[in-house]
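Chemist: Need coordinates for the following:
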Amino acid sequence: MELMNTIWADRGGVHDALSTDAEALAWLRAVGARLEERAPGVATWLDSDRPVDLDNAATELRRLRDALRRLTAEATQDPRTAGASPISDRGQALEVLNQVVAASPSWLAVDWPVGHQPVSTLHLAQPAGSAIASMLAAEFIAMLASGNQPELRACLAPGCVLYFAKEHNRREWCSSACGNRARAARHYRRRKAASV
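Modeler: Have a look, this model is predicted:
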């Protein structure tokens, strides 16, 4: 969800939080702690002053994000045009998703010290940047295939381009600020209609 929401909007328009390699690296570093728990090689790559193959990793991250936004728009029947994915074809989005998930193999290894519980570690093919995009793609595929996509929602508040997971049956917006904006817009429309 966080990757899809790197496209965001404010009064100034729609923005891309991954538009440069430096911004993509900053985003990866912000979410990296959650990724490195599963794959220790991620921390080394993220901590590097010049991560190996960063430009390709950033490009893959943007391609994956655009594919996920396209597929999520279809799953949620998203009517919004602002912030729409540049990938307009479902087949192309699926192709990108499958390419990214297959681009970097990973494997589990087990360590089992005598007298302790076995511990598994996820090992990634190098460079770790491509592996990160592959891990994120795998998470989306697992969520999509699990049948939980009805819980995905497009925030339909005025001006919002974000997606969210509906965790409560009364939740309609991605945030309370969007809820307030939607209620204010509805109130304005009612008052305007009543005055006509």
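Chemist: if I've got this straight, residue 173 is in a strand?
Modeler: No - counting by DSSP: H, G, I helix; E, B strand; the rest coil, residue 173 falls outside a strand, being coil.
Chemist: Next, work out how far apart the residue nearest the centre of the chain and residue 184 are.
Modeler: In the chain, the centroid-proximal residue (CA atoms, centre = their mean) is residue 3; its distance is 2.3 Å. Counting by CB to CB, to the nearest Å, the gap from residue 3 to residue 184 is 30 Å. Where you see a C-beta, it was placed from the backbone N, CA and C, and this is true even at glycine.
Chemist: what does residue 82 give?
Modeler: Taken as CB to CB, the span from residue 82 to residue 184 is 19 Å.
Chemist: And residue 84, by the same measure?
Modeler: Using CB to CB, residue 84 is found at 25 Å from residue 184.
Chemist: who has more neighbours, these two?
Modeler: Neighbour count, other CB atoms under 10 Å: between residue 84 and residue 184, residue 84 has more, with 16 against 12.
Chemist: Next up, the contacts around residue 16.
Modeler: Neighbouring residues of residue 16 by CB atoms under 8 Å, 6 or more residues apart in numbering: 6-7, 62.
Chemist: got the CA coordinates for the helix or strand bottoming out on mean pLDDT in the chain in PDB?
Modeler: The helix or strand of the chain with the poorest confidence is helix 176-195; it has a mean of 77 (mean pLDDT, DSSP states H and E). Presented in PDB, the C-alpha positions along helix 176-195 are these (Å, rounded to 0.1, in the frame of the first residue of the first chain):
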ATOM      1  CA  SER A 176      -9.700  11.500   8.900                       C
ATOM      2  CA  ALA A 177      -8.600  14.600   6.900                       C
ATOM      3  CA  CYS A 178     -10.000  13.100   3.700                       C
ATOM      4  CA  GLY A 179     -13.200  12.200   5.600                       C
ATOM      5  CA  ASN A 180     -13.500  15.800   6.800                       C
ATOM      6  CA  ARG A 181     -12.900  17.100   3.200                       C
ATOM      7  CA  ALA A 182     -15.600  14.700   1.800                       C
ATOM      8  CA  ARG A 183     -18.100  15.700   4.400                       C
ATOM      9  CA  ALA A 184     -17.500  19.400   3.900                       C
ATOM     10  CA  ALA A 185     -17.900  19.000   0.100                       C
ATOM     11  CA  ARG A 186     -21.100  17.100   0.600                       C
ATOM     12  CA  HIS A 187     -22.400  19.800   3.000                       C
ATOM     13  CA  TYR A 188     -21.500  22.500   0.500                       C
ATOM     14  CA  ARG A 189     -23.300  20.700  -2.300                       C
ATOM     15  CA  ARG A 190     -26.500  20.300  -0.200                       C
ATOM     16  CA  ARG A 191     -26.500  24.000   0.800                       C
ATOM     17  CA  LYS A 192     -25.900  25.100  -2.700                       C
ATOM     18  CA  ALA A 193     -28.800  22.800  -4.000                       C
ATOM     19  CA  ALA A 194     -31.100  24.100  -1.300                       C
ATOM     20  CA  SER A 195     -30.400  27.700  -2.200                       C
END
